[in-house]
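# Build me a model:
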Amino acid sequence: MSPKVSQEHMKQRRAEILQAAKEVFIEHGYERATMKHIMDAASVSRGGLYQYFSSKEDVFETILEEALDIELEVTLDMVKQHATSYWNMLMKTMFGNDGEPDDEMDPLAPAKLEYFIIGRNDEHRREYGSTRYGNGVKIFANIIEQGQKSGEFSSRFGHEIIARSIITFIDGLAVDDAMLSRADLKIKEQSILFVDYLKMALGIDCRG
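Residues are numbered from 1 along each chain as shown. Predicted structure coming up:
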């Protein structure tokens, strides 16, 4: 009789597979990555991998969903605790813990572009992309709406349209990053300029 595998062990193994898969997608992109790449990177058998995930698409979507869930949880916690200003919350959500623009991009961004752009005619991917976009809008819109209610932000523009503008800017950088060198793209400089646009839209003193 084979020994039972604990739930904790399965949870840990699943996390290890996802981390290995993330590195595979960063290295190979979505289209060129294979389940064999993931098996080798995670040191797991084919049966072991398929015990957790049914396909490469399943693995990739799980990586995206769990990252978005964490981001949403962190954002909601920041709003609930309100330990900092809503402007600082917005900057941390856009640029990470230090809240400052830099020249870094999400290393998984090229794979995400492949998945959604190449698969744009696939009904499942279009539906999934629409849902994911909506959830992304909620993350930024929630912070902006609370900032407007508190009086920290101007209500001149709707919180949702500003949230959509943020996502459009980030996604646009990701598209350009896939084609241009970082020197040509000037991510930090563009981000600083976009932050100034946000300050104007939200009524933040640009001298600060």
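# List of residues touching the worst-scoring helix or strand of the chain on mean pLDDT?
Counting by mean pLDDT, DSSP states H and E, the chain has its least confident helix or strand at helix 182-185, which shows a mean of 82. Here helix 182-185 makes contact (C-beta atoms under 8 Å, 6 or more residues apart in numbering) with 103, 173, 176, 177. For every residue, glycine as well, the C-beta is placed using N, CA and C.
# Out of these, show me where the pLDDT dips lowest.
Lowest in pLDDT among those is residue 177, which has 83.
# Return the residues in contact with residue 119.
Going by C-beta under 8 Å, 6+ apart, residue 119 touches 125, 126.
# just to revisit the earlier point, mind checking how far the least confident helix or strand of the chain is from the chain centre?
21 Å (C-alpha atoms, centre = their mean, to the nearest Å).
# Stretch 173-183 now?
For stretch 173-183 - counting by C-alpha atoms, centre = their mean - the centre lies 17 Å from the chain centre.
# same check, this time on stretch 34-43
The answer for stretch 34-43 is 23 Å, by C-alpha atoms, centre = their mean.
# now that stretch: mean pLDDT?
97.
# coming back round to it: which strands or helices does the helix or strand following the least confident helix or strand of the chain pack on?
Following helix 182-185 in sequence order, the next helix or strand is helix 187-202 (DSSP states H and E). Contacts defined by 3 or more C-beta pairs under 8 Å, 6 or more residues apart in numbering; DSSP states H and E place helix 187-202 against helix 86-95, helix 159-177.
# Same question for helix 187-202: list its buried residues.
Using 16 or more other C-beta atoms under 10 Å as the test for burial, helix 187-202 gives 187, 191, 194, 195, 198, 199, 201, 202.
# And those, which two are furthest apart?
187 and 202 (21.9 Å; C-beta to C-beta).
# Neighbours of the nearest residue to residue 203 once chain neighbours are set aside, how many?
Sequence neighbours aside, residue 154 is the residue nearest to residue 203 in space, at 3.0 Å (criterion: C-beta to C-beta, 6 or more residues apart in numbering). For residue 154, the neighbour count with other C-beta atoms under 10 Å is 13.
# Could you give the backbone dihedrals for residue 96?
The phi and psi values for residue 96, taken as degrees, to the nearest 10, are phi 100, psi -170.
# Pull the contacting residues for it.
Contact analysis of residue 96 by C-beta under 8 Å, 6+ apart lists nothing.
# Tell me how far it lies from residue 161.
Residue 96 sits 24 Å away from residue 161, taking C-beta to C-beta, to the nearest Å as the criterion.
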